[in-house]
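Undergrad: pasting the sequence and the predicted coordinates here, then a few questions.
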Amino acid sequence: MKTKKIILIALFNLSLLSLPLFSEKNSLFERRSRSAQELVPSGHWIYDAMMALSLENRALNFADSAPLSIQELRTYLDEVDYDSLSDAGRSQYDRIERYVADRRFALGSDLISISLEPKFNVSAFYKSNDDIDWVYDRYSREPVFDAPFVISCADYFAMDMEISLGSSKGASLKNDNYSNIPYQTKNMDVNFPYSAYFNTGYKFSEKTGVAFQIQQGSQSIGRTLGGSIIWSDHLTGTTQAKLSAYSPNVKYTATISEFNVDKYMYMHNVEARLFKKFTLGVQEGILVYAPMELRFMNPWTIFHGFAPWRDYGDESGDRSSDDPESHTCAYLGIKAEFTPVKYLRLYGLFAMTQYATPYEKENWPDSLQPDGLGGQWGAESYIPFREGYLHFGLEASYTQPYLYIKESPNWSLVRTYSENMGDHAIFYEWIGSPNGPDTISAQLTGGYEKPGRYSIEGNYLFMARGEMSGSKVFSNIAWGGQATEQGTTTAGWCYPETVSQRNYSTPHGTPEYVNRISLRGTWYAKEYLKFILQPAYVAIFNHNNQSGEKAFGFEIAAAVSINLIKF
């Protein structure tokens, strides 16, 4: 109770101190436009607004991936014909302009400015069945206090660090935790910041620019309902160095991402747009479980040509062993979008970690290398109605049992980590879909939004999950980003040892059938005050892949956010 009182008193005093500090009457601070080099994080409402505008304008762009700089987003926004927009479209357009041009208080001199955007969030949640995972999970919950701290130099560069105070990820897993306020010291999150970056860029013309960033945090490739199977923002905590050149019709991006110590993904991405109505993107990459190497940093090379799997020996580094697939994981991603009519887009994504060609199957029939493929397809629509938008989405996905999985978890496409306090739970996050491999899913969503005022959206998710879905493949091994009491052995890893295991189909074993219905309402009572209410119901058959087991549960979550600089 003593810790609880200290935390509550500290938060209360902090909020009181912030009010006069960021008041418009305070002469220490002034209003400034955001730097063009500031990044808009993945999941921000601006990406929804940009999609609604592009569909109304029937001109797709490359704002389906994140994070992007304001400078790049401006390039795509400038294509929108404001006069032809509906009332809802103009409202969205104006809302973006207000966000960019006049929103923050900053302390500055000449070109350099320092700003803080404190926000106070309180949420409460409850579920009736402890055997069912939270719907309003750690990805949905915000810290009780959040304050992006930005240093920028005009439109030349920007740096950001997100200061936060809240519950740890381990605490978010607990069934008896009903609030985002960390009542106990062991539940406090001391691992922040999770989001930080340095970004710089230059526009050569009105339509062409370059950008370079070093960023810690989430990124996404492709806009989807349930998380991109290529690269999802559910992969958190990675650090990326990224170089990109962009224009409305062509974009190139080279990225080096660090998953864990000596675990790097090297990737390049080429995207093109045809007739403003069709976009195609191809991502090629390779993950290497070894220190960073110069040869993989060439921004335009075919990684497969190095045949690096022959260079590292076995898992311990013994090069005398004959391990033809050691320390590496090749990766291919393809995404496409098409808007056949106004207000509608169709999209498809494909991911592949490994695939045996007919020639390989014929000449090496006893090979234990499994296929690792996944696909995701969907349709999304934003239709102007009165002063807002009707929003509809339909999506299906399929992932094979060995997508993202290689001979060792050390060079599989997963990041693992634990926290410094609490129960030291180990977290596993796949590069793509949070549902992981071995899953078939279908999702339907629909709702209405009045930009900046309120929104309501219903969602139905169905999943058929095999025995290798989610993070279940890690349940039999003691392996993680930090050593556990059992050590860090990979014995019992799921990679096939027989031809029959190699040929597993989705969903493997006894399938678990998940049905989840949720409703989410958001209301902006004031510009600075937002309320969220989200009830949900989950019904699971063959729970935990046990035939005949059932689990049913109701959940409700409520949250309020106060933007302190808006008072």
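TA: Done, it's in. Numbers count the residues shown, from 1 in each chain.
Undergrad: enumerate every residue touching the residue minimising distance to the centre of the chain.
TA: With distances taken as CA atoms, centre = their mean, Asp233 lies nearest the centre of the chain, 0.8 Å away. Contact partners of Asp233, counting by CB atoms under 8 Å, 6 or more residues apart in numbering, are 42-43, 66, 218-220, 227. (C-beta placed from N, C-alpha, C; glycine too.)
Undergrad: what does the strand or helix carrying Phe552 contact?
TA: According to DSSP states H and E, Phe552 maps onto strand 550-563. Applying CB under 8 Å, 6+ apart, the external contacts of strand 550-563 come out as 15, 117, 119-129, 131-132, 134-136, 140-142, 180, 527-541, 543.
Undergrad: buried only: go through the residues you listed for me.
TA: 117, 119-123, 125, 127, 132, 134-136, 140-142, 180, 530, 532, 534-538, 540-541, 543 (16 or more other CB atoms under 10 Å).
Undergrad: among these, name the ones in strands.
TA: Counting by DSSP state E, these place 119-123, 125, 127, 530, 532, 534-538, 540-541 in strands.
Undergrad: so how far is the helix or strand where Pro148 lies from its chain's centroid?
TA: According to DSSP H and E, Pro148 maps onto strand 145-153. Taking CA atoms, centre = their mean, to the nearest Å, the mean C-alpha location of strand 145-153 is offset from the chain mean by 20 Å.
Undergrad: can you give the contact residues for it?
TA: Applying CB under 8 Å, 6+ apart, the set of residues contacting strand 145-153 from outside is 11, 14, 34-35, 37-38, 104, 111-121, 158-166, 195.
Undergrad: mind listing what's buried in whichever helix or strand comes after that strand?
TA: For strand 145-153, the following helix or strand on the C-terminal side (DSSP H and E) is strand 157-165. By 16+ other CB under 10 Å, the buried positions in strand 157-165 come out as 157-162, 164-165.
Undergrad: what packs against strand 157-165?
TA: Applying 3 or more CB pairs under 8 Å, 6 or more residues apart in numbering; DSSP states H and E, one finds that strand 157-165 makes contact with strand 145-153, strand 196-203.
Undergrad: and the closest residue to Pro67 other than its chain neighbours, how far is that from Thr445?
TA: Among residues not flanking Pro67 along the chain, Leu39 sits closest, at 4.2 Å (CB to CB, 6 or more residues apart in numbering). Distance, Leu39 to Thr445, using CB to CB, to the nearest Å: 26 Å.
Undergrad: what's the answer for Leu60, then?
TA: Here the criterion is CB to CB. By it, Leu60 lies 20 Å from Thr445.
Undergrad: low-confidence stretches in the stretch 301-450 of the chain?
TA: For the stretch 301-450 of the chain, residues meeting the criterion pLDDT under 70 lie at 315-324, 422.
Undergrad: show me where it has helices.
TA: Using DSSP state H, counting those that start in this stretch, the helices found in the stretch 301-450 of the chain span residues 358-363.
Undergrad: over to the stretch 1-150 of the chain?
TA: Along the stretch 1-150 of the chain, the segments classed as helices by DSSP H, counting those that start in this stretch run 2-21, 45-57, 70-77, 87-101.
Undergrad: comparing the ones you listed, which yields the minimum mean pLDDT?
TA: When those are compared on mean pLDDT, helix 2-21 scores lowest, with a mean of 48.
Undergrad: thinking again about what came up before, make a markdown table from the buried residues of strand 157-165 and add distance to Ser500 and pLDDT to it.
TA: Formatted as a markdown table, the buried residues of strand 157-165 follow (distance: CB to CB, whole Å; pLDDT from 0 to 100):
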| residue | distance to Ser500 | pLDDT |
| --- | --- | --- |
| Phe157 | 56 | 97 |
| Ala158 | 54 | 97 |
| Met159 | 53 | 96 |
| Asp160 | 51 | 96 |
| Met161 | 51 | 94 |
| Glu162 | 48 | 92 |
| Ser164 | 48 | 91 |
| Leu165 | 51 | 90 |
